[in-house]
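Undergrad: just the structure for this:
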Amino acid sequence: MRSGTISRAQANELSIKEPLSIHGGTSAQGGPENSPHSKNLANWRLLPLLGACVVLYLRKEVLTKKNRTFFCGIALCFSLHVCLVFCATRSRLPMSLGFLLPQSTCSRPADGITEPTTVVVLSAGRRIEETAHIIEFYLFNEDRQLVPEVHLIWNSNLSIPLASRLLQNGRLRVFQESVNTLNNRYKHWRSIKTKSVLLLDDDCIVRDLKSAVRIHMLHPMRVTCFYARTHSASSLGTLKYMNPARINGAYSMCTGQASLLKTSFIEAFNTEANMEPVRLFIDQNRPTCEDIALHMFVSNRSRSPPVLVSAGQEELRWTPRTAMSGARGWPDRRRKCMSTFMANPFSGHMPLRYSEYTHPITYGDLMVGISSL
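TA: Below you'll find the model as predicted:
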């Protein structure tokens, strides 16, 4: 069994357990005080400058009164910075002082507050067991305040063979489509009432959704995703679509299996006129790469890469011969998509950006100031 893929028995066992809790402000290696990353918060490399300022200030014969005042000011500003970071890592700091601190320190969600998100599951009807398990988990195991609604995009005109206790649940909304296009994944943005949305294929589940949402709240202009991919270009400009392990873990996008992002990005992707060629390409080519198109669109809009997280994501590959990624020529199809989208609407510009992280992060990592590349 592939790593990250679970069996039916394991899935059923996990479904009856309480939802996973967030990591909080500590990591598996210890709290902020013990973490090697916490030293990065206050930029201790400025200590030699502080020492030089103190020495020059004490040697009054070297400096004029005006210069001594200047160096004293630098020393006081650095001391204030250190004190603010020290307090922020142990207690709450007013957001008005956030410009003095690293983002992961000052923009953390308030304790106990997690924004709700809508779960959207896309299925063409080939993975019935997996689809039922995903919907059941978010309807009956996840907090309704975190997941007020689950949307099922049924990309088939056939009947929906799910149990009545699922179909009749008030938190489930079903959108049955007559045309099987992956644009349908983004089509119903008007029905999403939350600021963020978790987009899922019918072969993937994110069990620790609360942690994923909290990371997204720290990076709302990024796509929070769960299975990384990357691009590269040769000296001749030839694009490649690949696993980031081939280039030391640097990733620039993620697969469409699971993505958490702002609902407004979905709206813009569906409504902006310059994205019409992309939407038409997706409709005319199947299987296609609506996930690549969305990542290119968001990265171009936000000037930011995605962020890969570890939040209990698992693949549910119970139905054989249903995975598209194993098909012959799949990387070439994905490369063609990137080249097509680069030409129009991005005018030859590659909007994808490499993330500063090279491995999946947790909410606890961000709280102690994780190191990057």
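
Undergrad: could you point out which residue ranges in the stretch 51-200 of the chain have low pLDDT?
TA: 51-68, 71-72, 75, 78-79, 81-112 (pLDDT under 70).

Undergrad: same thing with the stretch 201-350 of the chain?
TA: In the stretch 201-350 of the chain (pLDDT under 70), the answer is 321-327.

Undergrad: stretch 191-209: end-to-end distance?
TA: Stretch 191-209 has an end-to-end distance of 21 Å (CA to CA, to the nearest Å).

Undergrad: name the residues of that stretch that come out as buried.
TA: 192, 194, 196-209 (16 or more other CB atoms under 10 Å). (Each C-beta comes from the backbone N, C-alpha and C, glycine too.)

Undergrad: just these now: which is nearest Gln176?
TA: Gln176 has its nearest neighbour among the buried residues of stretch 191-209 in Asp202, at 14.5 Å by CB to CB.

Undergrad: which non-adjacent residue is nearest that closest one?
TA: Leaving out its chain neighbours, the residue that sits closest to Asp202 by CB to CB, 6 or more residues apart in numbering is Ser123, at 3.9 Å.

Undergrad: the one you found: how many residues sit nearby?
TA: Other residues lying near Ser123 total 23 when counted by other CB atoms under 10 Å.

Undergrad: so what's it bridging to?
TA: Beta-bridge pairing of Ser123 under DSSP bridges involves Trp154.

Undergrad: that one reaches Leu200, doesn't it?
TA: No - using CB atoms under 8 Å, Ser123 makes no contact with Leu200, being 9.3 Å away.

Undergrad: now do the shared contacts for these two.
TA: Counting by CB atoms under 8 Å, 6 or more residues apart in numbering, Ser123 and Leu200 have no shared contacts at all.

Undergrad: circling back: need the max-distance pair from the buried residues of stretch 191-209.
TA: Thr194 and Asp203 (23.5 Å).

Undergrad: what is the end-to-end distance of stretch 226-239?
TA: 23 Å.

Undergrad: I meant stretch 145-164, not that one.
TA: First residue to last in stretch 145-164 (CA to CA) measures 23 Å.

Undergrad: show me where the stretch 51-200 of the chain has its helices.
TA: 65-88, 103-106, 128-136, 164-167, 184-187 (DSSP state H, counting those that start in this stretch).

Undergrad: for the third one, buried residues please.
TA: Within helix 128-136, the residues that count as buried by 16+ other CB under 10 Å are Glu130, Thr131, Ala132, His133, Ile134, Ile135, Glu136.

Undergrad: that one packs against which elements?
TA: Judged by 3 or more CB pairs under 8 Å, 6 or more residues apart in numbering; DSSP states H and E, the packing partners of helix 128-136 are helix 8-15, strand 117-123, strand 150-154, helix 164-167, strand 204-206.

Undergrad: just want the angle from that helix to strand 117-123.
TA: Our comparison of helix 128-136 with strand 117-123, counting by axes from the mean of the first three to the mean of the last three CA atoms, to 10 degrees, yields an angle of 170 degrees.

Undergrad: taking the buried residues of helix 128-136 together, which two end up most distant?
TA: Glu130 and Glu136 (10.8 Å).

Undergrad: count the residues that sit near Gln168.
TA: 9.

Undergrad: pretty sure Glu276 sits in a helix.
TA: Yes - counting by DSSP: H, G, I helix; E, B strand; the rest coil, Glu276 is found in a helix.

Undergrad: how close does it get to Arg334?
TA: Distance of Glu276 to Arg334, given as CB to CB, to the nearest Å: 21 Å.

Undergrad: of those two, who's got more company?
TA: Per other CB under 10 Å, whichever of Glu276 and Arg334 has more neighbours is Arg334, with 23 against 12.

Undergrad: would you say that one is within a strand?
TA: No - counting by three-state DSSP, Arg334 is not part of a strand but helix.

Undergrad: so the closest residue in space to it that isn't next to it in sequence, which state does it fall into?
TA: Nearest non-adjacent residue to Arg334, counting by CB to CB, 6+ apart: Tyr241, 3.8 Å away. Of the three states, Tyr241 takes strand according to three-state DSSP.

Undergrad: correct me, but Tyr241 touches Ala233?
TA: No - using CB under 8 Å, Tyr241 is not in contact with Ala233; the gap is 11.0 Å.

Undergrad: of these two, who's got more company?
TA: Between Tyr241 and Ala233, Tyr241 has the larger neighbour count (other CB under 10 Å), namely 20 against 12.

Undergrad: any idea where the helices of the stretch 251-373 of the chain begin and end?
TA: 263-271, 276-284, 290-302, 330-343, 363-367.

Undergrad: distance to Val150 added to those helices, as TSV?
TA: Output for the helices of the stretch 251-373 of the chain, formatted as TSV (distance: least, CB to CB, whole Å):
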stretch	distance to Val150
helix 263-271	15
helix 276-284	24
helix 290-302	20
helix 330-343	29
helix 363-367	23
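
Undergrad: which of these sits closest to Thr117?
TA: helix 263-271 (8.9 Å).
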